[in-house]
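Peer 1: What follows is a predicted protein model with its sequence.
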Amino acid sequence: MILLNASDFVGKGLHRECYIHPNDEQLCIKIVVAGDLSESKREQSYYKLLQKRGINWNILPRFHGVIETNMGAGAVFDLVRDFDGKVSRTLEYYLSCEQLDNAENSGISQAIRMFKQELYRQSIITMTLSPKNIMYKKAGPYEGRLILIDNIGNSDFIPICSYIDCLAKKKIRRKLLRFEQTVLKMSMHNKNLQQCLIN
Ligand SMILES: Nc1ncnc2c1ncn2[C@@H]1O[C@H](COP(=O)(O)OP(=O)(O)OP(=O)(O)O)[C@@H](O)[C@H]1O
Ligand SMILES: [Mg+2]
């Protein structure tokens, strides 16, 4: 059994806490702390589908299975880190930063563009796309890519879109339109970034 330390805590959302894997600093362990396991189960079954399809993993962390921990069952994923080894920050953090220099703004807007293209190209279905569930993984001081860490999969009662590509793409287009609006709204204190996003 894996023992999780408070010192390895990375972050939490409404349902899960995320810890650095004590035996491998490139991995994280996510524990459900509120609500039931149904969301996690759905996520894992969609992951299985993506693994079978052999997707590229350039915008999603890989999933490495479930392990036993002192806090209960833990889902193991790649931990998103920047080029300097620091755990990456969320897109929400960067969008609400008022003082980013122009090179950084252009890196973020480039990353957003690439993320949208890849989500669509690889037909990866999501629930609401929220900047708090997307990490900006910096590959250098002024460049990076976005990695989606939550709300992956299909919550429809009959998830037919997961199996029919044109329906999946239609759904993804809708999610991306909403996401674009959210991103613009969240970056309202950073006019330079908004400019990069619109151009
Ligand atoms: N793979 C990862 N790499 C780095 N940090 C991560 C990773 N997964 C999660 N985190 C951190 O842990 C936090 C919580 O994770 P997550 O969003 O999966 O929890 P959640 O409870 O399902 O969220 P929500 O409130 O959106 O339902 C994230 O906001 C992020 O800071
Ligand atoms: Mg979350």
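Peer 2: Structure's in. What do you need? Ligands and ions are numbered 1, 2, ... in the order given.
Peer 1: In contact with residue 27, which residues?
Peer 2: Counting by CB atoms under 8 Å, 6 or more residues apart in numbering, residue 27 touches 20, 21, 64, 76, 77, 78, 79. From N, CA and C alone the C-beta is placed, and that goes for glycine too.
Peer 1: now residue 96: how far from ligand 1?
Peer 2: Going from residue 96 to ligand 1 by CB to the nearest ligand atom, to the nearest Å gives 14 Å.
Peer 1: and that residue, what is it in contact with?
Peer 2: By CB under 8 Å, 6+ apart, the contact list for residue 96 reads 186, 187, 189.
Peer 1: Next one: the closest residue to residue 76 other than its chain neighbours, what pLDDT does it get?
Peer 2: Excluding its sequence neighbours, the residue lying closest to residue 76 (CB to CB, 6 or more residues apart in numbering) is residue 64, at 4.1 Å. In this model, residue 64 is scored at 98, pLDDT.
Peer 1: Isn't residue 64 up against residue 77?
Peer 2: Yes - the criterion here is CB atoms under 8 Å, and residue 64 meets it with residue 77 at 6.7 Å.
Peer 1: who's more crowded, those two?
Peer 2: Ranked by neighbour count (other CB atoms under 10 Å), residue 64 and residue 77 place residue 77 first, with 22 against 15.
Peer 1: So what sits opposite that one in the bridge?
Peer 2: As for beta bridges, residue 77 partners with residue 28, residue 63 under DSSP bridges.
Peer 1: if I look at it, how far off is ligand 1?
Peer 2: 5 Å.
Peer 1: same question, residue 57
Peer 2: From residue 57 across to ligand 1, the span is 12 Å (CB to the nearest ligand atom).
Peer 1: So that residue lies in a helix, does it not?
Peer 2: No - the assignment for residue 57 is coil, going by DSSP: H, G, I helix; E, B strand; the rest coil, so no helix is present there.
Peer 1: so who does it touch?
Peer 2: Residues near residue 57 by CB under 8 Å, 6+ apart: none.
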